[in-house]
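In: only geometry, no sequence info:
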């Protein structure tokens, strides 16, 4: 099973510049998808997991990032299995819980075949 893991800090209310650049580069597939009557250009189905870190709470921003990526993924035939936010990294991060959530998603990705 192909699983793509996307990692990004939450910066200024959104994802990092490199991830934003990737999303912007996908515009050509977005145009093809709608130009061709929503015909999927990419046939192989893939799965993805999103892992983010935020210095503070970051829940609202994380929700925005997930929504953006789900839209981009839909045209690439990628399903978002889940997402993990490690928040409060500036003060009291809960690394152990975030790691457990991530490992659970990885295990689920291999079981969902």
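Out: Noted; the coordinates are in hand. What you see is a predicted model, and the numbers here were worked out from it, not measured in a lab. Numbering: from 1, shown residues only.

In: mind listing what's buried in stretch 71-89?
Out: 72-73, 75-76, 78, 80-87, 89 (16 or more other Cβ atoms under 10 Å). Using the backbone N, CA and C atoms, a C-beta is placed for each residue, glycine as well.

In: avg pLDDT for that stretch?
Out: For stretch 71-89, mean pLDDT is 90.

In: How about the contacts made by the residue sitting nearest the centre point of the chain?
Out: In the chain, the residue lying closest to the centroid (Cα atoms, centre = their mean) is residue 50, at 3.6 Å. Applying Cβ atoms under 8 Å, 6 or more residues apart in numbering, we find residue 50 in contact with 5-8, 65-66, 69, 80, 82-84.

In: Apply 6 Å and report the result again.
Out: 6, 83 (Cβ atoms under 6 Å, 6 or more residues apart in numbering).

In: where does it land in three-state SS?
Out: Look at residue 50: counting by DSSP: H, G, I helix; E, B strand; the rest coil, its state is strand.

In: Ok, residue 20 next?
Out: When classified by three-state DSSP, residue 20 comes out as helix.

In: can you count the residues close to it?
Out: Close neighbours of residue 20, defined as other Cβ atoms under 10 Å, add up to 15.

In: Tell me the bridge partners for the residue nearest to it when sequence neighbours are not counted.
Out: Computed as Cβ to Cβ, 6 or more residues apart in numbering, the closest residue to residue 20 that is not its neighbour in sequence is residue 14, at 7.0 Å. Beta-bridge pairing for residue 14 (DSSP bridges): residue 11.

In: From residue 69, how far out is residue 14?
Out: Distance, residue 14 to residue 69, by Cβ to Cβ, to the nearest Å: 11 Å.

In: neighbour-wise, which of the two wins?
Out: The neighbour count for residue 14 versus residue 69, taken as other Cβ under 10 Å, is higher for residue 69 (21 against 15).

In: can I assume that one sits in a helix?
Out: Yes: counting by three-state DSSP, residue 69 is part of a helix.

In: in this protein, which helix or strand is least confident?
Out: In the chain, no helix or strand scores lower on mean pLDDT, DSSP states H and E than helix 27-35, which sits at a mean of 80.
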